[in-house]
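In: Structure for the following, please:
(one chain, ligands or ions: 1)
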Amino acid sequence: MGKFAERMVETAGRKKSRIILALDLPPSTPNLLGEGLNLLSRVSRSLCAVKFNRHLLLPLGLMEGVRRLVDHAHSLGLPAIMDCKLNDIGSTNLAMAEWFFKAGFDALTVSPYVGWKGGLEPVFHLAKKLGRGLLVLAYMSHEGARQTFGKPLLSGGRLKPAYQVFASWASRWGADGVIVGATRPAKIAEVKRILKGRVAIYSPGVGFQGGSVEEAVRKGADYLIVGRSILQAEDPLEAAESLRVRAWRVKPHLTAG
Ligand code: XMP
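Out: I've put the predicted structure just below:
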């Protein structure tokens, strides 16, 4: 298990929470940075990590606003994940990863479509050297993902669905996690079998996108990534706490590193 994966198991176990907040505040929010800091303080006790996306990165900038939010997450005991889905040639991926790690991120998301050699290899080497984590997409949560993640790829002389191939690669590459949408619980179960409990499953798509908390965890999701169901709730803390309790009740332990 990598250092990031160990830290996630430790934080989630201590807080009895599988919930990762996707801090996707609308970029037009007045006092965006202040709102982000405030929201994190309010809901942190129900979370095991925070995930960032372009919603805050573009308006606030990496080394100014976002870095302050990452520092704040750390001060609350929460690891910070950048959902950048690295998807370019190796040298460009490396430049992005270096900056995200410099800003304090503990883990990044990567797309397996760019492959290993000259694609993700340098990023895996960097993450390993720094003790940071990488999470590999296997099957995205939105409907159109079927057009690519669900299509066959040639692997070892046989055609297999892309998400199965990606799960095997993630395991072989030493990834800290694999991402499978909660909108596809049957695929979570399939990926779980491929990973043999050695790599954790991160699952976005509960609530707003239609995925069920209970079904995703029952099928093998270790962590649930949740944005709008918390952010747009009348009481975000109550929403986060209710999700924490529901997800933990299904399986009150973590089954994967
Ligand atoms: P909501 O508001 O739908 O936010 O709870 C979900 C968050 O997760 C991101 N997302 C994904 N990220 N693979 C990913 O790596 C996925 O399949 C996926 N689906 C959603 C989304 O951008 C938002 O930040």
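In: Just the helices from the stretch 151-257 of the chain, written as ranges.
Out: 162-173, 185-195, 213-219, 228-231, 236-250 (DSSP state H, counting those that start in this stretch).
In: Pipe those into a markdown table and attach mean neighbour count and distance to V136 per row.
Out: The C-beta positions use only the backbone N, C-alpha and C, and glycine is treated the same way. Below are the helices of the stretch 151-257 of the chain laid out as a markdown table (neighbours: other CB atoms under 10 Å; distance: least, CB to CB, whole Å):
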| stretch | mean neighbour count | distance to V136 |
| --- | --- | --- |
| helix 162-173 | 20 | 4 |
| helix 185-195 | 20 | 11 |
| helix 213-219 | 21 | 18 |
| helix 228-231 | 20 | 24 |
| helix 236-250 | 18 | 22 |
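In: Can you tell me which of those is nearest to L69?
Out: helix 228-231 (14.1 Å; CB to CB).
In: Make TSV from the helices of the stretch 151-257 of the chain and add distance to L108 and mean pLDDT to it.
Out: As requested, the helices of the stretch 151-257 of the chain are exported to TSV (distance: least, CB to CB, whole Å; pLDDT from 0 to 100):
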stretch	distance to L108	mean pLDDT
helix 162-173	13	98
helix 185-195	19	97
helix 213-219	22	98
helix 228-231	22	98
helix 236-250	23	98
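In: how about these in CSV, adding distance to the ligand?
Out: Shown next, in CSV, are the helices of the stretch 151-257 of the chain (distance: least, CB to the nearest ligand atom, whole Å):
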stretch, distance to the ligand
helix 162-173, 11
helix 185-195, 11
helix 213-219, 11
helix 228-231, 3
helix 236-250, 10
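In: so can I have JSON lines of the ones you listed showing distance to S111?
Out: As requested, the helices of the stretch 151-257 of the chain are exported to JSON lines (distance: least, CB to CB, whole Å):
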{"stretch": "helix 162-173", "distance to S111": "9"}
{"stretch": "helix 185-195", "distance to S111": "16"}
{"stretch": "helix 213-219", "distance to S111": "21"}
{"stretch": "helix 228-231", "distance to S111": "23"}
{"stretch": "helix 236-250", "distance to S111": "26"}
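In: residues contacting I201?
Out: Contact partners of I201, counting by CB atoms under 8 Å, 6 or more residues apart in numbering, are 177-180, 188, 191-192, 195, 220-223, 256.
In: cool, and F166?
Out: F166 neighbours (CB under 8 Å, 6+ apart): P112, V136, L137, A138, Y139, F149, V178.
In: Which positions in the chain make contact with the ligand?
Out: 22, 24, 53, 83, 85, 109, 137, 140-141, 179, 181, 204-205, 207-209, 225-229 (CB under 6 Å from any ligand atom).
In: before we move on, back to that, tell me the one of the contacts of F166 nearest the ligand?
Out: L137 (5.4 Å; CB to the nearest ligand atom).
In: now that closest one, what's its secondary structure?
Out: Here L137 is recorded as strand under DSSP: H, G, I helix; E, B strand; the rest coil.
In: Provide the count of other residues in contact range of it.
Out: Other residues within reach of L137 by the criterion other CB atoms under 10 Å amount to 23.
In: Downstream of whichever helix or strand R68 is part of, the next helix or strand is which one?
Out: R68 belongs to helix 67-75 when assigned by DSSP states H and E. Remark: after helix 67-75, the chain's next helix or strand is strand 80-86, criterion DSSP H and E.
In: roughly how far is stretch 47-65 from the heart of the chain?
Out: Distance of stretch 47-65 from the chain centroid (CA atoms, centre = their mean, to the nearest Å) equals 13 Å.
In: Test my guess that V136 contacts V114.
Out: No - look at V136 against V114 with CB atoms under 8 Å: they stay out of range, at 11.0 Å.
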